[in-house]
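> Pasting the sequence and the predicted coordinates here, then a few questions.
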Amino acid sequence: MQYTLTILVLPLLTFLFLGFFSKVLPHKLSGIIGTASLAVVAVLSYIAAVQYFFGGVGASMAGGDVNEYQAIIAINFEWLKFTPQLHIDLGILLDPISVMMLVVISTVSLMVHIYSMGYMRGEKGFQRYFAILSLFTFSMLGLVVATNIFQMYIFWELVGVSSYLLIGFYYTKPSAVAASKKAFIVTRFADLGFLTGILILSYFTKTFDFAALTANNGALVINSMAGMSFMGISIASWAMALIFTGGAGKSAMFPLHIWLPDAMEGPTPVSALIHAATMVVAGVYLVARLFPVYFFATPDVLTLIAYVGVFTALFAAVIAVTQTDIKRVLAFSTISQIAYMMVALGVSGYEGHNGLGYMASMFHLFTHAFFKALLFLGAGSVIHAVHSNEMKNMGNLRKYMPITHITFLIACLAIAGIPPFSGFFSKDEILAAAFAHDKVIFITLWIVAGLTAFYMFRLYYRIFWGEETVHEHVPHESPKIMTYPLLFLALLSVITGLIPFGKLVSADRLELHTHIEWGVAAASVLAALLGIFIARHLYRKRSGKPERIAASLGSFYRAAVRKFYLDEVWYFVTRKVIFRHASTPIAKFDKKYIDGTMNAIGNTTVAASEAVKGLQSGRVQWYAWVFIVGVFVILLCWVL
Amino acid sequence: MNILSLFVAIPTVMLLLLFCIKSQNAIRALMVAGSSALLLLAGVVTFMFLQERAVNPDVMLFVSDTVWYEALNIHYAVGVDGISVLMLGLSAIIMFTGVFSSWNMERSFFMWFCLLTIGVFGFFISLDLFTMFLFYEVALIPMYLLIGVWGTGKKEYSAMKLTLMLMGGSAFLLTGILGIYFTTGGTTMNIVEIAKNHIVPMAHQYWIFPVTFLGFGVLGALFPFHTWSPDGHASAPTSVSMLHAGVLMKLGGYGCFRVAIFLMPQAAQELSWIFLILTGISVVYGALSAVVQTDLKYINAYSSVSHCGLVLFAILMLNRTAMTGAVLQMLSHGLMTALFFALIGLIYGRTHTRDIREMGGLMKIMPFASVCYVIAGLASLGLPGLSGFVAEMTIFVGSFQEQDTFRRILTLIATTSIVVTAVYILRTVGKFLYGELVNPEHANLTDATWYERVSVAVLILFIVAIGVLPNFSSNIISDSIAPVIAGLR
């Protein structure tokens, strides 16, 4: 499977090529080069997936005829040696989840590349855009195939920086610059936790290697840190919780989610790729990657993950209902859906059918990537047509944009969980897993499912139905280069739910037979239909009802619109605490006291020499006078 | 002649030739030729070193020893290990790029410039304490004139402050060196010899270690003796800032390692906690101070306080991994900060301001310089693939291997600097490169010239090289640290 190296190297070379020759390459050519290289990557990923899952490369028979998927190390070499035991390796690990991610990333990335050729046409910096898109794809692929936690951290930082560069793509726009800065700094802060966690974990286990960490049900972690605790919590829990912090930052879990809505300042295809389908699920992937450790060594942290997830899912869904910028609605929706995946991991067991949550989480990651990318690209198509992000500038667009309309509707049905669209299947598994684990979590997720359907269809009706607004230009359907990716993703949103996912991906890598939990399915479909029905009632035709409901909710509604004031907390921490109450006093202290002391030493020296320099004035009369006085003083002493 | 002596001989010849030539082009040709020769020499020495290392287990290679002053046992003794080889390489790179960054300077500037490099190269090849000290002083003195004459702003004040503070450090250093010489019986000044056969008595180590560490530490911007650095760098002309922050500050770290710790290992172990606290403060304090600065050079100077603080911090951890990280950080910081100063000089030469509030939107006007500045910034905040990441991670992982809670907590505090660094780098970049044009007059500025591009590109090349293939330098360093570690345990 060594050819998988090409999957990584190709986007990197594309990045370097487009980066170096951005001045000389014509727009169109650089787009074609980027897209063509991604197409090759996608094809190779599909080949790898087929070989791995169905070609007998990954599967081995573990007693009887049960499939057990093996982790294959395709390539591994030492990159940087710290100590004889601790060294960063770079390599390619192929196991069910990494192969699945390869498929997701390359598919969505390819669609986004194609779409961008239309969407970004005529933008200044077109070459730069494609160059960084390739850099991102390279980094993301490197992240998912990481053989060890430090490799993951390396690529984790690289995806962070590509995200920074792409959010700030319109760098003359102050809001975009601020958003990119915020995204980087918030995730950096989370990464500090990740790094600290790695330091603690690696110190005790003496390895970064995923295989060693997760082998034998996390025995290494359990044994190496047995009996040690800090502030009443075991060291292992600290380490794993800190590592989860990194994941929570990337995956926008409360309260580290604040960067994601602002990240919508980037070009819309970027939001589709990075901030919906791939990078933001890295946190989920990280937890999944270390799942045996979480489950066996630190079940307390896993419970924490479940609760953080549940809270975030509800919290983001409530905010999503109140937003009027269509990209922000989608951003909060993304936060909510990723939280869903986190919860699924949090409530999951390990062996056999207990591992349903794990499988459901990965399944939802898989289906969500396609329908959420579709939603973003559809939103991009709408924005492209009306030149605005605000719902109030849209309405009745189904007349003008039939393809966007239909594909968007499919995606909405998928995310709402209406059968037979893909979201139904994955969401049903998550709800079933939650139901088996904890009823409170289940009920919250059920409410979130209803809310999801409601805000998605609110979005749908407000864009495509209702009254037409006055447009400067008559809106028109996007060009084919943009609608084909929509159609392709719509197709995926319809069919991916039918994949027997449990046969391919499961916590213990054994085949997991799943079946639809009819009770749970009925409940979730009911919630979804209820949400859709209310949205239809309120938004299909223009009426004053939404405003009246909003008014009746009073301060709660206003707080939700303002995202529960967390942005204000962020400004308070950065501007007040760090800038005004830490850095400014330190800089002043440095100037006044430290530097002042040094200057004072200098001045004292000067003053001292001023004081004594009179003694060596060179005036002979003065010397003579002093001499005579001296003689008299001595004489006087002698006489007396 | 020993090949290492060429490092001193070439700049000396350049200095002499500068007396004979007048035309600007001839001066440039000479400087480029000479610095290229040094760069080439550094490459050759690295290659030869690797060949020799494979077969020769001695601590120092290419050793040569000539008696210079019999009465005090002062020798001209030279030799290199892996660390000095890399430091020589760093110095050669920075000198080379410094020449391109001071393309329009006059003859007398280059004379002092050459003298400065004689001192730097001499310091790194010396094995004799006294010769080392001598070269150290040779490197310091030209700084006064280079800043005082060719600087900008309040240059006399800054030059005076820098020189006096560093001279204060040298006073400590001289005391320490004489202390080492006399307490070991007054028979040799050779570092390797002392470490091997004449261990400094324990009682004396207790005062000599702090004295020498402080002496070198001042140059390494140890808190609270760092204040020469912001003013000094702000006033210095571009290439002097580059050499000073890029190489001279490394003399501090190198000296702490080669003299203070190598010769006084027991005291280092027992007293390191005091300096660990000071360097720990440097790391966080420098980074936080940088956040509110508005002058590009001040930002970079405080950032250097933070990064160089990390060098000393890691050296004091006294384990192999952390010390390897320290040397990597010296290389990385040297290249990075030189790149920053080269770019700041380039920008200042055009905008005539370094205040980030008076600039904005330069990315559109000077894409090359701006993109390079962003790369420098990313290196500084530790992006994988660039040198800063490799150095910092080696330091953090290494420091965390220490058993005691005190060192662990300090390490965790030091790691917070990676967030603060991101804050000030992104703030700076966001303010003066992104956004709309602030000063309409800047619309007509030109991008980097070819010689400025050479300087910047070479620096970036090496930053990427270390960042992408870290094991090359890391292994050389780690190998050379073994004897020091052996002395510690």
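Nice, I can see it. Numbering: from 1, shown residues only, chains lettered A, B, ... in the order given.

> so where's the chain shaky on pLDDT?
Unless you meant another one, I'm taking chain A. A:59-67, A:471, A:614-618 (pLDDT under 70).

> That was the other one, I meant chain B.
Across chain B, the stretches falling below the confidence threshold (pLDDT under 70) are B:1, B:489.

> Report the contact partners of the residue of the stretch 101-250 of chain B found nearest chain A.
Per CB to the nearest CB, the residue of the stretch 101-250 of chain B with the smallest distance to chain A is residue B:227, at 4.3 Å. Every C-beta, even on glycine, is put in place using the N, C-alpha and C of the backbone. Neighbour list for residue B:227: A:590, A:594-595, A:598, B:161, B:165 [criterion: CB atoms under 8 Å, 6 or more residues apart in numbering or on different chains].

> Partner strands of the longest strand seen in chain B, with direction?
In chain B, taking DSSP state E as the definition, the longest strand is strand B:61-69. Using DSSP bridges, the neighbouring strands of strand B:61-69 in the sheet come out as strand B:74-80 (antiparallel).

> residues making contact with the partner strand?
Strand B:74-80 is touched from outside by B:2, B:4-5, B:45, B:49, B:60-68, B:88, B:124-128, B:130-131, B:189-190, B:192, with contacts defined as CB under 8 Å, 6+ apart.

> Just the buried ones from those residues, in PyMOL syntax?
Burial among those is assessed by 16 or more other CB atoms under 10 Å in any protein chain shown; the matching PyMOL selection reads:
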select buried, chain B and resi 2+4+5+45+49+60+61+62+63+64+68+88+124+125+126+127+128+130+131+189+190+192
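
> that older thread, not counting its own residues, what contacts the longest strand of chain B?
The set of residues external to strand B:61-69 that reach it, using CB under 8 Å, 6+ apart, is B:2-5, B:45, B:48-49, B:52-53, B:74-81, B:127, B:131, B:190.

> rerun at 10 Å
With CB atoms under 10 Å, 6 or more residues apart in numbering or on different chains as the contact definition, strand B:61-69 has outside contacts at B:1-5, B:45, B:48-49, B:51-53, B:56, B:73-82, B:84-85, B:125, B:127-128, B:130-131, B:134, B:189-190, B:192-193.

> Counting only strands, which of these make the cut?
With strands defined by DSSP E, the entries of the contacts of strand B:61-69 inside them are B:74-80.

> For burial, what's the neighbour tally of the spatially closest residue to residue B:5 that is not a sequence neighbour?
Computed as CB to CB, 6 or more residues apart in numbering or on different chains, the closest residue to residue B:5 that is not its neighbour in sequence is residue B:78, at 6.5 Å. Using other CB atoms under 10 Å in any protein chain shown, the number of residues around residue B:78 comes to 25.

> give me the number of residues near residue 354?
Since no chain was named, I'll use chain A. If you count neighbours by other CB under 10 Å, residue A:354 ends up with 17.

> oops, I was thinking of chain B
Under the criterion other CB under 10 Å, the count of neighbours that residue B:354 has is 22.

> how close does it get to residue B:295?
Using CB to CB, to the nearest Å, we find residue B:354 at a distance of 5 Å from residue B:295.

> Identify the contacts common to the two.
B:153, B:234, B:344, B:348.

> ok now stretch A:391-406, how far from the chain's centre?
Distance of stretch A:391-406 from the chain centroid (CA atoms, centre = their mean, to the nearest Å) equals 29 Å.

> Could you do stretch A:210-229 as well?
Distance, stretch centre to chain centre, for stretch A:210-229: 27 Å (CA atoms, centre = their mean).
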